[in-house]
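Novice: coords please:
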Amino acid sequence: MNPDWVKPIADEAHHLGMTVTGHIPAFDTPDRAIHDGYDEITHVNQLMLGWLLKPGEDTRTPLRLTAMARAATLDLASTPVQNTLSLMKAHHIAHDPTAVILERLMLSRAGTVQPGDVDYLDHMPIAYQRYRRRTFVAINNSSEDDAYRAAFLKVIDTLKMLHDNGIRLLPGTDDTTGFTLHRELELYTKAGLTAAEALRAATLSTEQYFGHADELGTIERGKIADFFLIAGDPTKDIRAIKLPRLVSKGEAIYFPSEIYQALSIQPFASPPTIRAAATKNQDSTAQGRTGHGRSGFAWEGLD
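Specialist: Numbers count the residues shown, from 1 in each chain. Below is the predicted model:
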């Protein structure tokens, strides 16, 4: 997109009550995009390339990924970085980092299992396992290998800087959903967020951002019954979110173990035992341990 188009598009979007989010166009910069009306920047590489590219370099090529190796020597206290940070704070710019896809692109090495895959990959069909054990970015020598590894650590440092400065992080993946979203939240904890802060980013904070917090984001009377049960305490170990036992979506209850088996995936946790089922529209206030959705679906207990 011609960078000169961003401002009129953003002006019209705002006139219509819409927000503007996306990549930074080739030959544009995050700073200009913010000035021109962006409300959110997607992908941490799209943000960081503003500090790494030389004038005239074209991000419509693989350079938008390979140039991230330059982040190995990036000084986050430098003026360009801090100028962008100040603009993000002043304009309340949100950020969807999709750090997990940068980890995959920068740290994948043929024949190895990435840290983000170790908790689930051996449960998957063999063809998928082979697909994940590949190199996504060409590594020509040990120096390039070292640069990508150091650069990804700088990505994590960037997430910490953004969080510490009050920038809203919106957990996305740009990759297969589910397993990689779990890793995205895990990476946030490596950037210094507590497990509770990472969970909030993926639940209430996101619904507040989209204006849905009156219906979603927390478990309470009157809200839509969208939640899941897991085997463990994710506030103590964020990796517990990878062990789903039950998912409630409105009026429907799903057992992930059944879905996984249908897809030839080895389940990660056993389903709970429903001890007593209540009838539809039954008054759910009778039992203190009774759960219910706004639609009236109810049950009395789970083991």
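
Novice: Show me what whatever helix or strand His182 lives in packs onto, helices and strands only.
Specialist: Using DSSP states H and E, His182 sits in helix 179-190. Secondary-structure packing of helix 179-190 (3 or more C-beta pairs under 8 Å, 6 or more residues apart in numbering; DSSP states H and E): helix 99-107, helix 142-164, helix 195-202. For glycine as for every other residue, the C-beta is placed from the backbone atoms N, C-alpha and C.

Novice: Check which residues of the helix or strand where Ala127 lies are buried.
Specialist: Ala127 belongs to helix 126-132 when assigned by DSSP H and E. Within helix 126-132, the residues scored as buried using 16 or more other C-beta atoms under 10 Å are Tyr128, Arg132.

Novice: ok, for Thr73, nearest residue in space, not its chain neighbours?
Specialist: Using C-beta to C-beta, 6 or more residues apart in numbering and skipping the chain neighbours, the partner closest in space to Thr73 is Ala150 (8.0 Å).

Novice: cool, Tyr188 as well?
Specialist: In space, Tyr188 is closest to Ala198, 4.2 Å off (C-beta to C-beta, 6+ apart).

Novice: Identify the residues contacting that neighbour.
Specialist: By C-beta atoms under 8 Å, 6 or more residues apart in numbering, the contact set of Ala198 is Pro171, Leu185, Glu186, Tyr188, Thr189, Ile238.

Novice: who's in contact with the fourth one?
Specialist: Neighbour list for Tyr188: Ala99, Leu159, His163, Leu169, Pro171, Glu197, Ala198, Ala201 [criterion: C-beta under 8 Å, 6+ apart].

Novice: Most neighbours of all these, which one?
Specialist: Highest neighbour count within these, by other C-beta atoms under 10 Å: Ala99, with 29 neighbours.

Novice: Any idea which of the helices and strands packed on helix 179-190 gets closest to Leu87?
Specialist: Checking these against Leu87 by C-beta to C-beta gives helix 142-164 as the closest, at 12.4 Å.

Novice: That closest one - what's its average pLDDT?
Specialist: When pLDDT is averaged along helix 142-164, the result is 97.

Novice: All further residue positions should be reported with the first residue as 38.
Specialist: Okay, residue one is now 38; in that scheme the one you just asked about reads as helix 179-201.

Novice: on that earlier part again, tell me the one of the contacts of Tyr225 nearest Val118?
Specialist: Checking the contacts of Tyr225 one by one against Val118 (C-beta to C-beta), the nearest turns out to be Leu196, at 13.2 Å.

Novice: how about the closest residue to the closest one other than its chain neighbours, what does it touch?
Specialist: Excluding its sequence neighbours, the residue lying closest to Leu196 (C-beta to C-beta, 6+ apart) is Ala228, at 3.8 Å. Residues near Ala228 by C-beta under 8 Å, 6+ apart: Ile193, Asp194, Leu196, Lys197, His200.

Novice: give me every residue that touches Ala187.
Specialist: Ala187 neighbours (C-beta under 8 Å, 6+ apart): Ala108, Ala109, Thr110.

Novice: so the first one touches Lys191, yeah?
Specialist: Yes - when contacts are counted by C-beta atoms under 8 Å, Ala108 is listed as touching Lys191 (4.3 Å).

Novice: so what sits against both of the two?
Specialist: Met85.

Novice: neighbour count winner among the two?
Specialist: More crowded of Ala108 and Lys191, by other C-beta under 10 Å: Ala108, with 26 against 19.

Novice: Quantify the burial of the closest residue to that one other than its chain neighbours by counting its neighbouring residues.
Specialist: In space, and not counting its chain neighbours, Ala108 is closest to Ala188: 3.9 Å by C-beta to C-beta, 6+ apart. By the measure other C-beta under 10 Å, the count of residues near Ala188 is 23.
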